[in-house]
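**Student:** Task: produce atomic coordinates for the following.
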Amino acid sequence: MSWRSESIWIEFITGSRKTSNFCWAFILFLGSLGFLLVGTSSYLGRNLISLFPSQQIIFFPQGIVMSFYGIAGLFISCYLWCTILWNVGSGYDLFDRKEGIVRIFRWGFPGKSRRIFLRFLMKDIQSIRIEVKEGVYARRVLYIEIRGQGAIPLIRTDENLTTREIEQKAAELAYFLRVPIEVF
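**Tutor:** Residues are numbered from 1 along each chain as shown. Okay, here's the model as predicted:
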């Protein structure tokens, strides 16, 4: 999602609050809870899950292993839910030709560096860079090259844009900023 005018371009970045993250966190939570309940029911000798008789699972070693997997899954699920709650990775890119300033803002994990705010002068922008790697693990990333700072990614690396979409986005941004495009 973006907003543009003659002198300002704002690109909003989606963070962790995506449908796929909600689905994975929910599935992982339910699966790990099931593992933990089966392991606990094998220890207690009672059925905590009516679909799966606990007499078929011996506490040592199967019940312990299932309990361990359940606890590990709950920790990972908790981590995913926290990243969704904090919306890690979301933010915006603001390009202001009138003031000659580029502002890049992202939300991080709680702590000292929760707010990641970068500010550059537009005259320090060398180019817009496109990195395309095809294959099993295809990767298409759009970077902004800043003099003395290196390359800063402008889109999420897991955002599945087609080659045409990323080229279009790069061309529009390069035209707006009046800088060249580099392809790697």
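**Student:** following the lowest-mean-pLDDT helix or strand in the chain, which helix or strand comes up?
**Tutor:** When the helices and strands of the chain are scored by mean pLDDT, DSSP states H and E, strand 2-4 comes last with a mean of 85. With elements assigned by DSSP states H and E, the helix or strand that comes after strand 2-4 is strand 8-13.
**Student:** Which strands border that following strand, and is each parallel or antiparallel?
**Tutor:** strand 2-4 (antiparallel), strand 91-96 (antiparallel) (DSSP bridges).
**Student:** model confidence over the longest one, on average?
**Tutor:** Mean pLDDT, taken over the full extent of strand 91-96, equals 95.
**Student:** Contacts for it next, please.
**Tutor:** 7-13, 15, 101-107, 116, 122, 154, 173, 176-177 (C-beta atoms under 8 Å, 6 or more residues apart in numbering). For the C-beta atoms, the positions are set from N, CA and C on the backbone; glycine is no exception.
**Student:** Now the buried members of those residues.
**Tutor:** 9, 11, 13, 15, 102-104, 106-107, 154, 173, 176-177 (16 or more other C-beta atoms under 10 Å).
**Student:** Just give me the closest of those residues to residue 70.
**Tutor:** The shortest approach to residue 70 among the buried ones among the contacts of strand 91-96 belongs to residue 15, at 28.4 Å (C-beta to C-beta).
**Student:** In a strand, the closest one, correct?
**Tutor:** No - using DSSP: H, G, I helix; E, B strand; the rest coil, the secondary structure at residue 15 is coil, not a strand.
**Student:** Against residue 83, how distant is it?
**Tutor:** 8 Å (C-beta to C-beta, to the nearest Å).
**Student:** helix, strand or coil for residue 72?
**Tutor:** helix.
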